[in-house]
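K.L.:
Return atomic coordinates for the entry below.
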Amino acid sequence: MALSYSVQGFILLLTASLLVVSEANTIVVGGSEGWRFGFNYTDWALQNSPFYINDTLVFKYVPPSDTSFAPSVYLLPDLWSYITCDFRRAKLLANATQGSGEGFQIVLKQWRPYYFASNGHNGFHCNAGLMKFFAVPLPRGN
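P.N.:
Residues are numbered from 1 along each chain as shown. I've put the predicted structure just below:
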């Protein structure tokens, strides 16, 4: 009987530890800098990786004003589009106003590259090489 309780306790402990390990994270893109022009998101992504499947990325940014160009958030379809900042087949995820307040969220649901970029100021944000990064979320280990 004691062995049965020990096995049940072990299974319960193992299940609880797996749940903790598999918890998804919520990550604010750029940290306290948010999503803005003049910050290097490629470096940020390298410093904050790895990302995992089911992690949530939050893009926070201020809406446009008379003195600033608002960013946007696009998902680019492939590496070539990312390298060349070609937005023709990109999917707009968040426009210039959707990043205010709590920000715009996207869940990394699959093990694949996610190429993010801003097309703000007619593509200048991306072409300057700063407002873009990619993430390849990994499966969580047990």
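
K.L.:
What helix or strand is the residue positioned nearest the centre of the chain located in?
P.N.:
Most central in the chain under Cα atoms, centre = their mean is L57, positioned 3.3 Å from the mean C-alpha point. According to DSSP states H and E, L57 maps onto strand 56-59.

K.L.:
again, but for Q47
P.N.:
Per DSSP H and E, Q47 falls inside helix 41-48.

K.L.:
Could you do S81 as well?
P.N.:
S81 belongs to helix 79-84 when assigned by DSSP H and E.

K.L.:
mind listing what the very next helix or strand once past that helix pairs with, with the direction of each?
P.N.:
On the C-terminal side of helix 79-84, the closest following helix or strand by DSSP H and E is strand 91-94. The strands that strand 91-94 pairs with in its sheet are strand 73-76 (antiparallel) (by DSSP bridges).

K.L.:
what's the strand it pairs with in contact with?
P.N.:
Residues from elsewhere that reach strand 73-76 (Cβ atoms under 8 Å, 6 or more residues apart in numbering): 35, 59, 82, 86-87, 89-94, 98-99, 104, 106, 114-119, 132. All C-beta atoms are positioned from the backbone trio N, CA, C, and that covers glycine.
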